[in-house]
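Student: Give the three-dimensional model of this entry:
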Amino acid sequence: MSTTVKIHFLGAAGTVTGSKFLIETPNYNILIDCGMFQGLKKLRKLNWEPFPFPPENIDLVLLTHGHLDHTAYLPKLVLQGYNNPVRATAPTLAIATIIIMDSAKIQEEYAENANEEGYTIHDPALPIYNVEDAKRTIGYFESAEIDTWYTATKDIRYRFIMNGHIIGSTFIELDIFGKRFVFSGDIGRKNDALLEAPKKPESADFIFMESTYGNKLHAEDDADNILIDAIKNTIQKRGNLIIPSFAVERLQTLMYKLWQLYKKNLIPNIPIFVDSPMGNEVLEVFEAFSSWHKLSLSEYKAMKHHFNIITSYRDTWNTIDDPRPKVVIAGSGMVTGGRVLTYLRYALEEPENTVLLVGYQAEGTRGRQLQEGQHEIKIAGKYYKVKAIVRQIESLSAHADQQELLSWLSNIQNTPQKIFLIHGEEMARDTLRVKIKDTYNWPVYLPHLNEVVNLKF
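Tutor: This is a model prediction of the structure:
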C-alpha cells in the first residue's frame, strides 16, 4: 500500500529567508522552522498574509535553530490558531525566546515611531504581533535532547543532531513511514572559532538542504589582519569603526577575536563597545550552555570583562558623543534594524569612519546596499550619503561554503531519492545543484515558493 507525503515549501525557496517547510501526512502534520521573511519588500509583505495551511491542523513545530528567519513567525502562527508544542534543543529555545521577544518589541516601536513621525502609508501602522503575543508563543516551547529519537506517531519519529552554525543549532532527521527525511537547517563551518564542526547524516531518502553559499568558497581573507588594519586606521583618523553584527554567534565570535588580538598585543586598548540588547542576552545563553561551545567558563568571563557592554539607550547616546576613536559592535547584522541604525545616522556621512560588514547580506537589505557601494542609504525615512569607508570580512560567515556543503553529504551511504535545495538565492541553488550532480550523481530539485511536492512511496 503506497503512502503520499506532501511537502509544502512555504519559505526559503528561491530566497534565504522565511524558512518554513510543512510535512503533511495522512494523519499528522509537522512544520519544520517558522521564520519571518526579511529583505525585499515583496518578501516582507508575505509576513502579513494568512498562513497558506490551516495552523490549527499542524500537530508539531520543530526548529533547527533560533535565528529570526527560522523562528520569528511563530507568534503570527499562534495568532492564526496554532496551539501545539514547539520543540528544539534547550539553547535553541533560549535563543528563539530572545529573538521573538526582540522582534515583537522592534515591531511595536517601529509602528509607534511610524505613526508619530508620519513615515507610513498605513493609518495606523500596526505590528505584525506584539510582546504579549510573543510571551504566549513561548509558552508552547518544549526542549529536546540531541541524538535522541522522539516518537510523534507509530509511523513518525524524529531527532536533533548538532550541525554547528550557532549555539543550539541542529539538523533534523525524521523517519516517516519507513523513509528518512533530513532537514539540514543552516550548516556551520568546519573550523569555527567557538563551535564544534557539524555532524553529518549517514543515510537519507529525502534531503532538504540549505544552499546559502552554494556558488561560493569563502574567501581566504585574513580576518585578524582586516580587523587590525581597520582599528589602526580608525585610531589614525580619530574616527569610529562601526561593525553591524548578528547578535547570535557573530557577535560572540567578534568579541573572541578582538580579545585574542588584544592579548597578543596586536591591537591597542581601544575602547570597544558592544551595543546589542539581544546580543547581551545571547551572552547569557553562552554562559548557561557552556557544553555547546569551546570556551571554558573562566575564558568566557575574562573575554566579556574586556568589553564595554551597553545596557541602556542613554549609554548609546553617550557612546555616540564620546569623542575618542572607538569600535562599536551593534545589531543588526544586515543593517535592517536595531541599535546600529542609530550609530550609522551619525557615522555614514563622515569619511574618517569605517563600516565593517562581517556576514551574509541578503538581497534588499541596507547591508547589501552598502556592500554593493550604494551612494546613499535610507534610514527612518531620511537618506544619508555614504562617505564612510565600507569594508567586509567574508571568512567569519557561520554558513558552510560550497565545499563544506558538499562535504556534509559525504557520509551518506545510500543513494537519496531526491535532494531539495532550499535557503539560497537562485544562482547559488543552481550552482550547487550542478556540483551535487557532478560529485554524487544524485537527483536534485529546486522548489519554488508555495510549491507543494507529493512524495509517493
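Student: Can you name the residues that contact the spatially closest residue to Arg345 that is not a sequence neighbour?
Tutor: Using CB to CB, 6 or more residues apart in numbering and skipping residues adjacent in sequence, the residue nearest Arg345 is Ile379, 5.7 Å away. C-beta: built from backbone N, CA, C; applies to glycine. Shown in contact with Ile379 (CB atoms under 8 Å, 6 or more residues apart in numbering): 341, 344-345, 366.
Student: redo that, cut-off 10 Å
Tutor: Counting by CB atoms under 10 Å, 6 or more residues apart in numbering, Ile379 makes contact with 335, 337, 340-342, 344-345, 348, 366.
Student: Likewise for Arg429?
Tutor: Neighbouring residues of Arg429 by CB under 10 Å, 6+ apart: 13-16, 209-212, 214-215, 420-423, 444, 446-447.
Student: Please, which helix or strand holds it?
Tutor: helix 426-440 (DSSP states H and E).
Student: List the buried residues of that helix.
Tutor: The neighbour-count check on helix 426-440 (16 or more other CB atoms under 10 Å) flags 428-433, 435-436, 440 as buried.
Student: Switch those residues over to CSV; also include distance to Glu173 and pLDDT.
Tutor: Putting these into CSV (distance: CB to CB, whole Å; pLDDT from 0 to 100) gives the following:
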residue, distance to Glu173, pLDDT
Ala428, 24, 96
Arg429, 22, 97
Asp430, 26, 97
Thr431, 26, 98
Leu432, 21, 98
Arg433, 22, 98
Lys435, 23, 98
Ile436, 19, 98
Tyr440, 19, 98
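Student: Between all of the residues you listed, which two are separated the most?
Tutor: Across the buried residues of helix 426-440, no pair lies farther apart than Ala428 and Tyr440, at 18.0 Å, counting by CB to CB.
Student: Hmm, Ala32 is touching Glu173, no?
Tutor: Check again: residue 32 is Ile, not Ala. No: in this structure, Ile32 is not within contact of Glu173 by CB atoms under 10 Å, at 11.3 Å.
Student: hang on, the earlier thing: got the buried residues of helix 426-440 as CSV, with distance to Ala247 columns?
Tutor: Converted to CSV, those look like this (distance: CB to CB, whole Å):
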residue, distance to Ala247
Ala428, 24
Arg429, 27
Asp430, 32
Thr431, 30
Leu432, 28
Arg433, 32
Lys435, 32
Ile436, 32
Tyr440, 36
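Student: about what we covered before: for the residue nearest to Arg345, name its beta-bridge partners.
Tutor: With DSSP bridges as the criterion, Ile379 is bridged to Lys382.
Student: what separates it from Trp149, distance-wise?
Tutor: For Ile379, the distance to Trp149 (CB to CB, to the nearest Å) stands at 48 Å.
Student: got it, and Glu451?
Tutor: Taken as CB to CB, the span from Glu451 to Trp149 is 30 Å.
Student: out of those two, which sits in the busier spot?
Tutor: Glu451 (15 against 11; other CB atoms under 10 Å).
Student: Helices of the stretch 201-350 of the chain, start to end?
Tutor: 223-237, 250-263, 277-288, 297-305, 313-321, 340-347 (DSSP state H, counting those that start in this stretch).
Student: so which of those helices gets nearest Ala398?
Tutor: Ala398 lies closest, by CB to CB, to one member of the helices of the stretch 201-350 of the chain: helix 250-263, at 6.6 Å.
Student: what ranges do the helices span in the stretch 1-150 of the chain?
Tutor: 41-44, 68-71, 74-79, 90-117, 131-138.
Student: Out of those helices, which is the most enclosed?
Tutor: helix 68-71 (a mean of 28; mean count of other CB atoms under 10 Å).
Student: quick one: that one to chain centroid distance?
Tutor: Put simply, helix 68-71 sits 7 Å off its chain's centre (CA atoms, centre = their mean, to the nearest Å).
Student: and Ala400, what is it in contact with?
Tutor: 163-165, 184, 186-190, 198, 210-214, 218, 406-408.
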